[in-house]
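Trainee: Build me a model from this:
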Amino acid sequence: MWDVLLRSCGGFDVQLWTAAPEAALQFHDFYGRRWRLGDAANKDEKVSLHQRIRSEIEQRIFSNQWPPGYRIPIEQELMKQFGCSRMTVNKALSSLVEAGFLDRRRKAGTFVVYPSGHYASLHIPDIRKAVLEAGFPYRYQAVNIERRTADADDRQLLQCRENCEILKVQSLHYAALRCFAFERRRINLAVAPEAAGIDFTQLPPSIWLLTHVPWSNAEHEIDAVGLAPDVAAAMALPEGSPGLRLGRRTWGAAGTITQAEQYFPAGALTLHASFLMKSSGA
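Mentor: Numbering: from 1, shown residues only. Alright, predicted model coming up:
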């Protein structure tokens with residue numbers, strides 16, 4: 001196992017670990033305590049049979065028992081090995097094909113792919129849940145809520161049409177007495193029109209969106225930044241203070257649902273993610 005440590009100014013660390021079964025989020029609070037999320041919850045989760053089969057095949061690939069170019073056993077053989085139906089085996093193999101570990105070739109079989117690089121699998125839990133599970137009182141404060149027609153920046157971030165209507169919510173998240181994060185969120189009302197009637201002065205938008213608007217895709221951006229004047233002022237920190245920006249966009253078949261930027265002060269957050277091989281398709 002090895003790790004990649006990215007360190008921003010002011011000692012704000014983002015650690016990406018390889019060979020981890022699932023990404024976990026780890027926090028450093030302002031009082032010297034440190035905690036990690038993900039491990040306990042993962043142990044309690046029920047793992048389906050096709051997920052166990054996938055995990056076993058991944059281990060054979062990672063250990064080089066099945067090296068790149070290796071033709072894996074046919075589905076009937078795997079059915080006997082794992083004592084399951086063909087549908088279950090197919091589901092496990094399909095997920096590995098989609099993830100880039102296997103390549104199915106018609107009339108030739110299924111092969112382990114040759115890696116061409118790596119990419120990180122990152123899990124980011126809801127801020128409120130993270131703070132509460134860590135044992136700190138959580139407080140949410142809406143700073144500004146604005147409903148309007150999308151401007152050029154909104155259209156670029158939400159990838160929406162020129163006359164689309166959006167809801168922009170700026171808010172603060174607190175862990176105990178300290179500001180844990182500043183959030184700037186845009187919601188596409190063409191895709192999530194019900195959001196216009198929700199009182200986001202009382203409820204964080206992320207919680208409502210997670211429970212009411214299904215999404216199928218997401219992308220993240222992680223940057224080490226010096227906090228801009230408006231963000232620093234909202235967080236009661238000096239302008240230019242070191243911090244971490246997490247950008248997130250989620251979308252589904254109807255289009256982009258929401259785009260959010262979350263800013264964390266230096267020393268508040270460490271992210272852990274697993275690295276997966278990215279195939280060349282060869």
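Trainee: If we go by neighbour counts, what in stretch 137-147 is buried?
Mentor: In terms of neighbour count (16 or more other Cβ atoms under 10 Å), stretch 137-147 has its buried residues at 138, 140, 142. In this view, the C-beta of every residue, glycine as well, is placed from N, C-alpha and C.
Trainee: What residues does the nearest residue to the second one once chain neighbours are set aside make contact with?
Mentor: Spelled out, that is residue 140. Excluding its sequence neighbours, the residue lying closest to residue 140 (Cβ to Cβ, 6 or more residues apart in numbering) is residue 204, at 5.1 Å. Residues near residue 204 by Cβ atoms under 8 Å, 6 or more residues apart in numbering: 126-128, 140, 171, 173, 183.
Trainee: got a markdown table for these, with secondary structure and pLDDT too?
Mentor: As requested, the contacts of residue 204 are arranged in a markdown table below (DSSP: H, G, I helix; E, B strand; the rest coil; pLDDT from 0 to 100):
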| residue | secondary structure | pLDDT |
| --- | --- | --- |
| 126 | coil | 77 |
| 127 | helix | 86 |
| 128 | helix | 85 |
| 140 | strand | 96 |
| 171 | strand | 97 |
| 173 | strand | 96 |
| 183 | strand | 97 |
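Trainee: Please, which helix or strand holds the residue lying farthest from the centre of the chain?
Mentor: Largest separation from the mean C-alpha position in the chain: residue 107, at 37.0 Å (Cα atoms, centre = their mean). If you go by DSSP states H and E, residue 107 is not part of any helix or strand.
Trainee: any idea which element residue 258 lies in?
Mentor: strand 255-265.
Trainee: Okay, now the sheet partners of that strand, with direction.
Mentor: strand 178-188 (antiparallel), strand 242-252 (antiparallel) (DSSP bridges).
Trainee: I'd like the average pLDDT over it.
Mentor: The pLDDT scores in strand 255-265 average 95.
Trainee: ok, and what's touching that strand?
Mentor: Counting by Cβ under 8 Å, 6+ apart, 12, 127, 157-160, 179-188, 190-192, 205-206, 209, 213, 215, 225, 227, 231, 235, 237, 241-251 sit against strand 255-265.
Trainee: returning to what we had before: please report the distance of the residue farthest from the centre of the chain from residue 229.
Mentor: Distance, residue 107 to residue 229, by Cβ to Cβ, to the nearest Å: 63 Å.
Trainee: What helices and strands are in contact with the helix or strand that residue 147 is a member of?
Mentor: Using DSSP H and E, residue 147 sits within strand 138-149. Packed against strand 138-149 by the contact rule (3 or more Cβ pairs under 8 Å, 6 or more residues apart in numbering; DSSP states H and E) you find helix 127-133, strand 165-175.
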